[in-house]
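Asker: Task: produce atomic coordinates for the following.
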Amino acid sequence: MYKVFVNDKPLFLTNHISKETDFQLFLLESIDIEQLIVKIFQNKIQKAYLYHADESVIMKTLKAKIPVCKAGGGLVYNKKGEVLFIFRNGKWDLPKGGIKKGEEIEDTAVREVEEETGVNGLSISHKLQKTYHVFRRNGKYKLKITHWFEMQTNFDGTLQGQLEEGIEKVAWLNPEQIQGALKNSYENIKLLFEEEKII
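Answerer: Numbers count the residues shown, from 1 in each chain. Modelled structure (predicted):
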């Protein structure tokens with residue numbers, strides 16, 4: 001099952017029908033994906049399941065309908081076990097950004113962390129899951145697929161938020177502070193911390 005967040009609301013791409021009642025179920029064959037996304041953006045739908053016997057077909061269809069942006073980001077630990085967060089648009093987030101032509105996704109993730117936070121000396125320890133979210137820019141919908149990597153650093157210099165990216169604050173947060181930050185974050189960021197068993 002894929003979880004795609006549309007305006008921070010979940011759209012599950014699934015090949016399994018469960019007996020939950022708090023969501024709307026749509027069949028891939030009989031729904032216009034773009035119309036479904038518009039309805040979620042307009043808050044007409046809070047949670048939806050999109051069903052097809054082969055869930056990879058749903059993802060392929062979604063990618064065919066909506067342009068894809070590929071991004072890389074980091075869940076970065078320092079030697080005290082704190083995690084690097086950025087604060088932008090009124091929410092706590094993790095550093096990430098779009099891939100450049102000819103760049104490997106791991107290099108994108110490291111470069112974006114460095115640019116957005118001023119932290120260097122990064123080493124990737126392992127790949128985490130991909131997250132999916134749909135956003136709207138200039139009236140057009142795009143599907144952002146972010147490849148996440150766990151990283152380590154011994155950096156203890158000054159944190160520097162990238163102003164042109166609208167980053168107001170950069171901070172190392174301990175596990176207790178992370179709990180608070182995630183209450184004012186994005187659903188796809190929470191997924192990473194569930195995977196890492198931090199929350």
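Asker: ok, residues contacting the longest strand along the chain?
Answerer: Longest strand in the chain by number of residues (criterion: DSSP state E): strand 123-137. With contacts defined as Cβ atoms under 8 Å, 6 or more residues apart in numbering, strand 123-137 is touched by 2-8, 11, 37, 41, 66, 74-75, 106, 109-110, 141-153, 186, 188-189, 191-192, 195-196. C-beta here means a position set from N, CA and C on the backbone, and glycine is covered the same way.
Asker: Next step: the residues you listed restricted to strands.
Answerer: Among the contacts of strand 123-137, the residues falling in strands (DSSP E) are 2-6, 11, 74-75, 141-152.
Asker: What subset of those residues is buried?
Answerer: Among the ones in strands among the contacts of strand 123-137, those classed as buried by 16 or more other Cβ atoms under 10 Å are 2-6, 11, 74-75, 141, 143-151.
Asker: where along this protein do the helices fall?
Answerer: Per DSSP state H, the chain carries helices over the ranges 33-41, 55-65, 105-117, 175-182, 187-195.
Asker: For these, state which one has the densest average packing.
Answerer: Across those, the average number of neighbours (mean count of other Cβ atoms under 10 Å) peaks for helix 105-117, which reaches a mean of 21.
Asker: the inter-axis angle of that one versus strand 123-137?
Answerer: Angle, helix 105-117 to strand 123-137, by axes from the mean of the first three to the mean of the last three Cα atoms, to 10 degrees: 80 degrees.
Asker: Next, the angle from helix 105-117 to strand 140-152.
Answerer: Angle, helix 105-117 to strand 140-152, by the same axes, to 10 degrees: 90 degrees.
Asker: For helix 105-117, list the C-alpha coordinates in PDB.
Answerer: Output of helix 105-117 as PDB, limited to C-alpha atoms (Å, rounded to 0.1, in the frame of the first residue of the first chain):
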ATOM      1  CA  ILE A 105      19.500  11.000  -5.300                       C
ATOM      2  CA  GLU A 106      21.900  10.400  -2.400                       C
ATOM      3  CA  ASP A 107      24.000  13.400  -3.500                       C
ATOM      4  CA  THR A 108      20.700  15.500  -3.700                       C
ATOM      5  CA  ALA A 109      19.800  14.600  -0.200                       C
ATOM      6  CA  VAL A 110      23.300  15.500   1.200                       C
ATOM      7  CA  ARG A 111      23.500  18.700  -0.800                       C
ATOM      8  CA  GLU A 112      20.000  19.900   0.200                       C
ATOM      9  CA  VAL A 113      20.700  19.200   3.900                       C
ATOM     10  CA  GLU A 114      23.900  21.300   3.700                       C
ATOM     11  CA  GLU A 115      22.200  24.100   1.700                       C
ATOM     12  CA  GLU A 116      19.100  24.300   3.900                       C
ATOM     13  CA  THR A 117      20.800  24.100   7.400                       C
END
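Asker: I am finished for the moment; much appreciated.
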